[in-house]
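**Student:** Here is a sequence with its predicted model. Questions after.
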2 protein chains.
Amino acid sequence: MKLSTKGRYAVTAMMDLAIHDRDGPVTLADISSCQGISLSYLEQLFARLRQSGLVEGVRGPGGGYRLGKPSNQISVADIISAVDETIDNTRCKGNLDCNKGERCLTHHLWNDLSERLYDFLNDITLSEFIKDPEVRKISQRQDSTASRIATMFPPRSIAS
Amino acid sequence: MKLSTKGRYAVTAMMDLAIHDRDGPVTLADISSCQGISLSYLEQLFARLRQSGLVEGVRGPGGGYRLGKPSNQISVADIISAVDETIDNTRCKGNLDCNKGERCLTHHLWNDLSERLYDFLNDITLSEFIKDPEVRKISQRQDSTASRIATMFPPRSIAS
DNA sequence: TAATAACCTAGTAAATTAGTATGTAATTAT
DNA sequence: ATAATTACATACTAATTTACTAGGTTATTA
């Protein structure tokens, strides 16, 4: 389990999709301008997210990306795993057989820790975030008064 | 909170110190040969660990490094924070004021998540690892084995 | 038919990680 | 005292990863 800004980009982008799940697909151009990440880089990240079934793309005008599963079935660990190819570069490759035992103990301990971390992040799903009262507020207002919000927050063009 | 192999190196090295805390200081040369990390790189990592008070160095023959605090006062989060300078490169720098509110919501959510992750790793201290039955076993017969292992597994092509 | 936006690939710039080289300073053992 | 050992320090380089740029193609909608 690795955790870098790359993973964060993916997670925040997925949060974005989760928040606007009801409003139709979200374009990468949108996320790009709003979160300040290059479009092409986002495309690369989303290629991986799509391969993992976490998102699905909709082509053409009015298209974009939407979640590939219900938000309660997408964990933070899923997202990070999808974009960060976690290269295990311990000497023993998880077989715990390097250095004839003793020294590899630390790898064993690290594996334990890593697993606990994974479990922790695997328990946190996107659905948790849309429960946030602040998110609900914004997400709901977009349902009813989409156009007004659109002028209030120009970066995002809300799909109609 | 960032989590890279650099952080892992630091954590496993600290685990090593914790395991052998009673046997006197552990040399970086030892950790270097055993964990396959270059000596100089370890020195750089330990410079940071020392600055954070997580370890203290003992010079001269028979010297090395030992824990700077009791193992139950050193958390995984402490170690990772010491070596990974966590540059916050969200646009809003944690002030949650970028993109006029709405869009920054994801940063807010990420901050929440990041905080939870920190708390999680901050609750795991080195003392936990030495409780591991396997570790206890090896830790006890350690004094004699250290030098033997050094000759059994000489450094590969690591700096002199 | 034109615009949109996903989808795809190759190349490059920037940043970080990891390692090399070469010291000095403190301490211990001979 | 002297030599060996080990921390401590700095500058530089190699390797890897991250992020971006630039050029496409396909599918879909208006």
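**Tutor:** Yep, that arrived. Residues are numbered from 1 along each chain as shown, chains lettered A, B, ... in the order given.
**Student:** Might one say that A:S38 is in contact with A:S32?
**Tutor:** Yes. Proximity of A:S38 to A:S32 meets the contact threshold set by Cβ atoms under 8 Å, at 6.5 Å. From N, CA and C alone the C-beta is placed, and that goes for glycine too.
**Student:** more crowded one of the two?
**Tutor:** Taking A:S38 and A:S32 together and counting by other Cβ atoms under 10 Å in any protein chain shown, A:S32 has the greater number of neighbours (17 against 10).
**Student:** ok, so what distance separates the closest residue to the more buried one other than its chain neighbours from chain B?
**Tutor:** Leaving aside its sequence neighbours, A:S32 sits nearest to A:L39 (Cβ to Cβ, 6 or more residues apart in numbering or on different chains; 4.3 Å). Summarising the geometry, the distance separating A:L39 from chain B, computed by Cβ to the nearest Cβ, to the nearest Å, is 16 Å.
**Student:** How about A:L42?
**Tutor:** Using Cβ to the nearest Cβ, one obtains 13 Å as the distance from A:L42 to chain B.
**Student:** does any bit of the helix or strand that residue falls within sit next to DNA strand D?
**Tutor:** Using DSSP states H and E, the element containing A:L42 is helix A:39-51. Yes. Using Cβ under 7 Å from any atom of the strand as the criterion, contacts between helix A:39-51 and DNA strand D involve A:L39, A:S40, A:Y41, A:Q44.
**Student:** Select, from those residues, the two members most distant in space.
**Tutor:** Put simply, by Cβ to Cβ the two of the residues of helix A:39-51 next to DNA strand D set farthest apart are A:L39 and A:Q44, 10.0 Å from each other.
**Student:** Buried by neighbour count: which residues of the helix holding A:L42 qualify?
**Tutor:** For helix A:39-51, a neighbour-count test (16 or more other Cβ atoms under 10 Å in any protein chain shown) marks A:L42, A:L45, A:F46, A:R48, A:L49 as buried.
**Student:** one step back: just confirm the residue nearest to A:S32 contacts A:A29, I think it does.
**Tutor:** Yes. Because the distance of 6.0 Å satisfies Cβ under 8 Å, A:L39 is recorded as touching A:A29.
**Student:** so where is chain A shaky, pLDDT-wise?
**Tutor:** Chain A contains residues with pLDDT under 70 at A:86-104, A:138-160.
**Student:** In it, spot the helix with the most residues.
**Tutor:** The single longest helix within chain A, with elements called by DSSP state H, is helix A:105-122.
**Student:** and that helix, does that touch chain B?
**Tutor:** Yes. Part of helix A:105-122 sits near chain B under the criterion Cβ under 8 Å from any Cβ of the partner chain, namely A:L105, A:T106, A:H107, A:H108, A:L109, A:W110, A:D112, A:L113, A:R116, A:L117, A:F120, A:L121.
**Student:** residue in chain A nearest to chain B?
**Tutor:** A:L3 (3.7 Å; Cβ to the nearest Cβ).
**Student:** Verify the stated contact: A:V83 with A:Q51.
**Tutor:** No. With contact defined as Cβ under 8 Å, A:V83 does not count as touching A:Q51 (10.2 Å).
**Student:** and for A:S38 and A:S32, which residues touch both?
**Tutor:** By Cβ atoms under 8 Å, 6 or more residues apart in numbering or on different chains, A:S38 and A:S32 have no common neighbours.
**Student:** about what we covered before: may I have the beta-bridge partners of the residue of chain A closest to chain B?
**Tutor:** Each beta-bridge partner of A:L3 is listed here, defined by DSSP bridges: B:L3.
**Student:** Go ahead and confirm it touches A:I80.
**Tutor:** Yes. A:L3 is in contact with A:I80 according to Cβ under 8 Å; the separation is 6.5 Å.
**Student:** still on that earlier bit, the longest helix of chain A versus helix B:105-122: what angle between them?
**Tutor:** For helix A:105-122 against helix B:105-122, the angle by axes from the mean of the first three to the mean of the last three Cα atoms, to 10 degrees is 140 degrees.
**Student:** Which strands or helices does helix A:105-122 pack on?
**Tutor:** In terms of contact count using 3 or more Cβ pairs under 8 Å, 6 or more residues apart in numbering or on different chains; DSSP states H and E, helix A:105-122 is assigned the packing partners helix A:76-83, helix B:5-19, helix B:105-122, helix B:133-140.
**Student:** buried residues in that helix?
**Tutor:** Applying a neighbour-count criterion of 16+ other Cβ under 10 Å, the buried positions in helix A:105-122 are A:L105, A:T106, A:H107, A:H108, A:L109, A:W110, A:L113, A:S114, A:L117, A:Y118, A:F120, A:L121.
**Student:** How about it and DNA strand C, touching?
**Tutor:** No. No part of helix A:105-122 sits close enough to DNA strand C to count as contact by Cβ under 7 Å from any atom of the strand; the gap is at least 13.2 Å.
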